[in-house]
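S.K.: structure, please.
(2 chains)
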Amino acid sequence: EADIYQTPRYLVIGTGKKITLECSQTMGHDKMYWYQQDPGMELHLIHYSYGVNSTEKGDLSSESTVSRIRTEHFPLTLESARPSHTSQYLCASSELGGNGYTFGSGTRLTVV
Amino acid sequence: RKEVEQDPGPFNVPEGATVAFNCTYSNSASQSFFWYRQDCRKEPKLLMSVYSSGNEDGRFTAQLNRASQYISLLIRDSKLSDSATYLCVVKGGTGANNLFFGTGTRLTVIP
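M.R.: Here you go, the predicted structure:
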């Protein structure tokens, strides 16, 4: 049984729509992350959080935004989806000071 | 230069074979090293951490060479279920915020 959940698993949406990708974890982890991964390519960090009310941009520039109002919840929002946003989005979490990351099963987003 | 570089493969090996993957990292201050496994269209999962003295977990052996800044993974007696992409992952230096992932090496074990 997964300890970190992402919904939806797959999403096909039209250009210009606002979307929110959900990520929740039940492990009480303080640190959470969003990665973007294109097919056959490496994961790129787009956002991370060290705890409630903490959000930072990652190494890869992204037009998305995140929020961390509760420890267990780290949603990612795209205000206006574009075809260039088509990718897989992976959420992960870890303990403070911990090294191992637990990943969600990902959201595969297609913007048409 | 990329933080982590891996040979993307693919490596196609017969069952029972021994296969080794290498990866290099650019930041000499990197502190922690890992191998993750990612199945097709699935999320990455931690396979094993890599310690300076080298470590083994069943058929899997990981080694770290800090002087040359490379990490290796050896798989002995390959099984069909070992077919996956193996990601070399490095945690940066002091104050690092995240893990850096290699592009992964794809392994296919053939019956």
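
S.K.: what sits against residue 41?
M.R.: Assuming you mean chain A. residue B:103 (C-beta atoms under 8 Å, 6 or more residues apart in numbering or on different chains). For glycine as for every other residue, the C-beta is placed from the backbone atoms N, C-alpha and C.

S.K.: try chain B instead
M.R.: With contacts defined as C-beta under 8 Å, 6+ apart, residue B:41 is in contact with residue A:108.

S.K.: over to the one 10 residues further on?
M.R.: Contacts here follow C-beta under 8 Å, 6+ apart; on that basis residue B:51 touches B:62, B:64.

S.K.: and it, how far is that from chain A?
M.R.: Taking C-beta to the nearest C-beta, to the nearest Å as the measure, residue B:51 and chain A are separated by 11 Å.

S.K.: phi, psi of that residue?
M.R.: The phi and psi torsions at residue B:51 (degrees, to the nearest 10) take the values phi -110, psi 160.

S.K.: and it, what's its pLDDT?
M.R.: Residue-level confidence at residue B:51 comes out at 88, pLDDT.

S.K.: burial count for residue A:34?
M.R.: Applying other C-beta atoms under 10 Å in any protein chain shown, we find 28 other residues in the vicinity of residue A:34.

S.K.: quick one: it from chain B, how far?
M.R.: The gap separating residue A:34 from chain B is 11 Å, by C-beta to the nearest C-beta.

S.K.: I figured that residue hits residue A:43, correct?
M.R.: No - under the criterion of C-beta atoms under 8 Å, residue A:34 lies out of contact with residue A:43, with a separation of 10.1 Å.

S.K.: which neighbours do the two have in common?
M.R.: With C-beta under 8 Å, 6+ apart applied, the overlap between the contact sets of residue A:34 and residue A:43 consists of residue A:90.
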